[in-house]
Each structure stands twice: as C-alpha cells, then as structure tokens.
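> sharing a model that was predicted from the sequence below.
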Protein chains: 2
Amino acid sequence: MIRSGFFKSVVALEDGRDQVTGFHMAGEVLGMDGLDTECHAADVTALEDSEVCIIPRARLNDPALQRSLCKVMSRELARDHGVMLLLGSMRSEERLATFLLNLSHRLVARGFSAHEFHLRMTREEIGSYLGLSLETVSRLFSRFHLEGLLCVAQKHICIRDIDGLRALTGICPVIGLSRDARNVRQRTESRPAAV
Amino acid sequence: MIRSGFFKSVVALEDGRDQVTGFHMAGEVLGMDGLDTECHAADVTALEDSEVCIIPRARLNDPALQRSLCKVMSRELARDHGVMLLLGSMRSEERLATFLLNLSHRLVARGFSAHEFHLRMTREEIGSYLGLSLETVSRLFSRFHLEGLLCVAQKHICIRDIDGLRALTGICPVIGLSRDARNVRQRTESRPAAV
DNA sequence: CGGTAAATTGATCTCCATCAAAGATAGTGG
DNA sequence: CCACTATCTTTGATGGAGATCAATTTACCG
C-alpha cells in the first residue's frame, strides 16, 4: 500500500512492446493482480521518492483485511473498465482531458490543489497509458495551452478552464442503460433468456 | 455466478457511446465492480439462454466466500490489464487473433472443441470489445479466411491454423521486466526512491 | 415468404503514428 | 562554475491503418 509518492504500473508483451496500465498515489494498493497466482502481470515503478507499507501474504487470511481488499479491487475493476472505454472509443483530445480531470480529482481528494500540479510522468508514459504517441500528447498539451484550457510549462500544469476540459470529454462512465439496451431487451423478449 | 450460457458486459458514456468490456461464460462471476458502492458501472446482458446463481449480499460477509471472490477479482484485474494492452498497443489483426485464441482457450477449459465454435455475439459487439468498427472486424474475418487461418461461415468459426494465429499476436502478456526497466533502474539509482 | 437485423464489400477520408530535427532541462564530470 | 551529455519536449512533414459512408447480400424469425 502506498504511504506517499507516485507510481506507474506497466504490462509487457514478449516482443518488447509494453503499456502503462495505471498511475498510483497515496492510499492505493499495488499488486492486486495475481493475488491468487503469486505471479504478477505488471511491473510497478516509483516515479518519485516514495514510501510504501508492505502487507505480508500471511495477513491475507485476515477476514477484515480481505473485506477491504475486496472493496479496493472492485473499485479498481470499475476504474479499469473506464480506461477500457477510454482506449476503445475516445479520441485523443478526450483521452487527455479525461486523464487530466481524473488526476485533478484524485489530487483534490488528497488535499492538493485542484488546478495546479506537477506531472510525475513523462509524455511518453502518458501516451502509453492513453494509447497515444508521445508526440500526440505533446501536441495536445500545446493545443490546450493555446486554447486557454491549460497553462503548460514542461511538467507544471495549471488548469485554467475546467469546464472547457469537461466539455471535451463524454463526461465520464455513467451508471444506467447502455445505448443498445432497448435493442437488447427486444432481443431477450424474442429469445427469452432463462436466467 | 454463471451456471451456463454466455454474457456480455457494457459500460456506457452519457453521450450514448458505449463499449463492451467483457464476454463471460460458465463459472465466471458477474458484477464485481461496484461491490462496495452497490452501484455497478456496467450493464450485463445474456447473449443466449443462460442460467445464473445469485449470491445474496448478506453472504459477502462469509470469509470463505470473500477469499474466493478476492481470487476471482485478482484474475479479472490481470485480464483487464491484458485488454488494456490490446486496446492501447495492438493493431487490428493482432486484436482479433488474440480474441479468438482467448475464446478458444476458454472453451477448451469447459470441455468444448478448441478449433470449432459458434460466436454468440455480433461483429459489432466484437468490434466494440476490441476497439474496432464492425466493418473492420468483418474484413478481418474475410482476410483470415482467405489466408487459410480460419473457416468463417457467419457465426460458425473453425480455426484451421492455430499457429498462424499465434504468430499474428505478440503472444500474450508476459511476466518480467518491462522494456524500459533498465532506464528506470538508472533513474532510481540517481534519484533513489526511499521505498 | 416478407420484413428486419446482421454481414459483406467497396470507396473515401481523417485522425493519429511515424519519421525527422531542433530546443530545453537537468544531472555529470572536468 | 561551466561545458557536456543524455533525456525529455516541441514542432513540422508525411503516410497509413482503420473509421465512416454507402450499397448489396445473406440469414433469420414470425
């Protein structure tokens, strides 16, 4: 569990390609994939001086700990689904806007400023996380700067127009019926699923 | 928990866009996102007649059940990270090949044929899951057919050259050091992280 | 058999990756 | 203290993979 600092996790393919699957900050728990296999799919790297709290494998039998780990994992599942949606159906500008808003949100929750912060990761790492090239990320930062959405100086970011950023995104994953829910219902009516 | 049948889960954005985040079959557990919030990010739909086993919320306090749910969720986290890698850094042909191999693998584990099966979902649903348009999926099926990798007749699929398919993929997520692990180590040497 | 949803195939376009080169920054060693 | 070097960033030019638009064709179900 992260006490302080900032981390990235990376999943690799055999051929050398890899992808950043997440950025993590204080309070989050690392390495919950492969809790059963004892084998982790991701490498985790600290992006600044950091402190962690190690949870011994033996303590995993503690029911209280298990209950909270369950909750943490379920939240992470929901988060990952949001990222899948981002990677699968958003355009580049939406991806970066979503990313920045999410970052801002998490920093606020930890008592930092909502609109001014220091990026711990490189453009390449952001790009990897968002499924974009580092050049595209850089160009987007420049464009957002020009459009008055952000003030960008290297890794120092200042959000100038948070509503403008929100307008770029499809807002965020929402709970409720999906677009084709109506079709699906017709379908299950015609072929009723014995659930 | 799925007793029999086939499901998809879908995450939606407010603006109407949505994305299939997974296909699920017998033995898998649904709805583990939002285990804490009581609020699920995804809608789940049966794609054929199916049977499920409902787990009452009250039983979530049972430590034995919690232990197994933890394991199930950790596996799902690893799976989702694989999908993120697929969405973020694979080309269309790799995505479809990976998808088919994964499907085959899971069917074998349930006692079905490894190389012959019936797709329960439409091209559009496959495309949504893989971050591709339905036309691209259709074209890929046609190409794979021409190249002798598959025998495609609508939703009936027959894998003719499984090694050929494997060759198209970056094989699969692998455990170990990521490509830039060496750089990262230099970096942590120069700025040692107090972990 | 009609009517509807799904699949196929073609033509065109666009967003973003890639290639390339020049600046900026920070850490290193003389 | 400053030049040196490696890494990171920015910006431009070009090309291509896949989206989109459009038109049939095929399968499916009442």
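Everything's here; your move. Numbering: from 1, shown residues only, chains lettered A, B, ... in the order given.
> where does chain A come near DNA strand C, residue by residue?
For chain A, the residues in contact with DNA strand C (CB under 7 Å from any atom of the strand) are A:91-93, A:127, A:131-133, A:135-136, A:154, A:183, A:187. Any C-beta I mention is one placed from the backbone N, CA and C, and that applies to glycine too.
> which of these sits closest to chain B?
A:Gly131 (3.6 Å; CB to the nearest CB).
> A:Ser9 versus that closest one, what's the distance?
Going from A:Gly131 to A:Ser9 by CB to CB, to the nearest Å gives 16 Å.
> what about chain B: which of the residues of chain A next to DNA strand C touch it?
A:Gly131 (CB under 8 Å from any CB of the partner chain).
> now the residues of chain A next to DNA strand C as TSV including distance to DNA strand D?
As requested, the residues of chain A next to DNA strand C are exported to TSV (distance: CB to the nearest atom of the strand, whole Å):
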residue	distance to DNA strand D
A:Arg91	9
A:Ser92	12
A:Glu93	14
A:Gly127	9
A:Gly131	12
A:Leu132	12
A:Ser133	9
A:Glu135	4
A:Thr136	8
A:Gln154	6
A:Asn183	14
A:Arg187	9
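> can you tell me which helices and strands the lengthiest helix in chain A packs against?
Counting residues, the longest helix found in chain A (DSSP state H) is helix A:63-89. Using 3 or more CB pairs under 8 Å, 6 or more residues apart in numbering or on different chains; DSSP states H and E as the contact test, the elements touching helix A:63-89 are strand A:18-25, helix A:92-109, strand A:173-174, strand B:6-13, strand B:18-25, helix B:63-89, helix B:123-130.
> the longest one vs strand A:6-13, what angle?
Between the axis of helix B:63-89 and that of strand A:6-13 there is an angle of 70 degrees, by axes from the mean of the first three to the mean of the last three CA atoms, to 10 degrees.
> OK, contacts around the closest residue to A:Cys53 other than its chain neighbours?
Closest residue to A:Cys53 in three dimensions, ignoring its sequence neighbours and counting by CB to CB, 6 or more residues apart in numbering or on different chains: A:Met1, at 4.6 Å. Taking CB atoms under 8 Å, 6 or more residues apart in numbering or on different chains, we find A:Met1 in contact with A:27-30, A:52-53, A:55.
> kindly report the same for A:Phe23.
Contact partners of A:Phe23, counting by CB under 8 Å, 6+ apart, are A:6-8, A:47, A:103, A:120-121, A:129.
> ok, A:Leu85 next?
So A:Leu85 contacts A:173, B:11, B:13, B:17-19, B:21 (CB under 8 Å, 6+ apart).
> as JSON lines, these with pLDDT, neighbour count and distance to DNA strand D would be great.
As requested, the contacts of A:Leu85 are exported to JSON lines (pLDDT from 0 to 100; neighbours: other CB atoms under 10 Å in any protein chain shown; distance: CB to the nearest atom of the strand, whole Å):
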{"residue": "A:Pro173", "pLDDT": "41", "neighbour count": "23", "distance to DNA strand D": "19"}
{"residue": "B:Val11", "pLDDT": "94", "neighbour count": "26", "distance to DNA strand D": "17"}
{"residue": "B:Leu13", "pLDDT": "87", "neighbour count": "22", "distance to DNA strand D": "14"}
{"residue": "B:Arg17", "pLDDT": "88", "neighbour count": "17", "distance to DNA strand D": "9"}
{"residue": "B:Asp18", "pLDDT": "91", "neighbour count": "24", "distance to DNA strand D": "13"}
{"residue": "B:Gln19", "pLDDT": "95", "neighbour count": "27", "distance to DNA strand D": "12"}
{"residue": "B:Thr21", "pLDDT": "96", "neighbour count": "27", "distance to DNA strand D": "16"}
